[in-house]
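Asks: generate a structure from the sequence data that follows.
(one chain, ligands or ions: 2)
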Amino acid sequence: MTQTAHAPRFITFEGIDGAGKSSQIAALVALLEARGIAVEQTREPGGTPLGERLRDVLLHEPMHLETEAMLMFAARREHLAARILPALEAGRWVVSDRFSDATYAYQVSGRGLAEDKFDALERWVHPGFQPDLTLLFDLAPAVAAARVAGTGNAPDRFERERQDFFERVRAGYLARAARAPERFRVIDATRPPEAIRAEIEAVVRERWFA
Ligand SMILES: Nc1ncnc2c1ncn2[C@@H]1O[C@H](COP(=O)(O)OP(=O)(O)O)[C@@H](O)[C@H]1O
Ligand SMILES: Cc1cn([C@H]2C[C@H](O)[C@@H](COP(=O)(O)OP(=O)(O)O)O2)c(=O)[nH]c1=O
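Replies: Ligands and ions are numbered 1, 2, ... in the order given. All right, here's what the predicted structure looks like:
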């Protein structure tokens with residue numbers, strides 16, 4: 001097992017589709033590994049063999065909103081049991097592309113899932129457990145949509161949503177960040193990748209390597 005000088009941390013990346021999380025996740029993982037830290041890079045929905053099968057269904061199959069929310073949390077339950085918690089217990093850091101804040105933003109704010117049902121699922125699946133740091137990539141949906149279109153990839157069920165949906169998702173993320181300011185860092189995602197990378201490096205350095 002790789003020994004690290006620091007308590008293992010759980011870091012999540014959030015934001016609307018096309019915010020620019022993917023390349024920044026790779027940069028953060030490289031930064032941590034350069035410090036000799038063992039890192040597990042993962043994503044939601046997904047991160048386990050079962051979770052990846054659920055992801056495929058979630059991204060492509062139309063379904064009832066509550067089915068969608070419960071499947072997100074089912075995949076998350078498996079992810080915690082099989083991947084996130086064992087890694088943290090073994091001393092490895094975990095960097096995940098999305099976690100429960102995404103269910104709050106997309107299913108509650110975006111689609112209108114009752115907030116008490118979200119709260120119940122969150123309490124059930126990870127009572128008292130939250131990421132140590134959540135990097136929220138914030139930008140206008142029109143800018144994000146232009147980026148998604150620019151990739152040339154076929155859009156999934158979420159990426160095909162209209163801009164007003166992403167306005168609600170964005171507002172949901174910001175509301176959740178305002179309720180847990182010590183956990184969240186809101187990143188202005190309209191800036192060039194290099195500026196964002198430098199900000200993330202500074203945040204992690206300040207928190208854990210100062
Ligand atoms: N800071 C940025 N400025 C401009 N374009 C970006 C930036 N970050 C990423 N992109 C581009 O936007 C698209 C979506 O980025 P991606 O990292 O896949 O977003 P996400 O993972 O958040 O959906 C990609 O084509 C990527 O090259
Ligand atoms: C984790 C999670 C994701 N999602 C959505 C957001 C994204 O549109 C989609 C998949 O996320 P993501 O992996 O970020 O997609 P991509 O890499 O193609 O940008 O799932 C939810 O609606 N609720 C959730 O709880």
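Asks: let me know whether stretch 183-200 sits next to ligand 1.
Replies: Yes: using CB under 6 Å from any ligand atom, we find that stretch 183-200 touches ligand 1 at 192-193, 196. Yep, even glycine has a C-beta here, placed from its N, CA and C like the rest.
Asks: give me the contacts around the helix or strand in which residue 86 is found.
Replies: Using DSSP states H and E, residue 86 falls within helix 85-89. Contacts with helix 85-89, where a contact means CB atoms under 8 Å, 6 or more residues apart in numbering, come from 8, 10, 40, 93-94.
Asks: helices or strands next to the top helix by length along the chain in the packing?
Replies: In the chain, assigned by DSSP state H, the helix with the most residues is helix 163-179. Counting contacts by 3 or more CB pairs under 8 Å, 6 or more residues apart in numbering; DSSP states H and E, the secondary-structure elements packed against helix 163-179 are strand 133-138, helix 141-151, strand 184-188.
Asks: check which residues of that helix are buried.
Replies: Of the residues in helix 163-179, those buried by neighbour count under the rule 16 or more other CB atoms under 10 Å are 165-170, 172-173, 176-177.
Asks: relative to helix 141-151, how tilted is that helix?
Replies: The directions of helix 163-179 and helix 141-151 differ by 120 degrees, with axes from the mean of the first three to the mean of the last three CA atoms, to 10 degrees as the criterion.
Asks: alpha carbons of helix 163-179, in CSV - could you do that?
Replies: Taking only C-alpha atoms (Å, rounded to 0.1, in the frame of the first residue of the first chain), the coordinates of helix 163-179 have been written out as CSV:
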residue,chain,number,x,y,z
GLN,A,163,-31.3,25.9,-21.8
ASP,A,164,-33.9,26.7,-19.2
PHE,A,165,-33.3,23.3,-17.7
PHE,A,166,-29.6,24.1,-17.3
GLU,A,167,-30.5,27.5,-15.9
ARG,A,168,-32.3,25.7,-13.1
VAL,A,169,-29.5,23.2,-12.6
ARG,A,170,-27.0,26.0,-12.4
ALA,A,171,-29.2,27.8,-9.8
GLY,A,172,-29.6,24.6,-7.8
TYR,A,173,-25.8,24.1,-7.6
LEU,A,174,-25.3,27.7,-6.5
ALA,A,175,-28.0,27.4,-3.8
ARG,A,176,-26.4,24.2,-2.5
ALA,A,177,-23.0,25.8,-2.5
ALA,A,178,-24.3,28.7,-0.5
ARG,A,179,-25.5,26.3,2.1
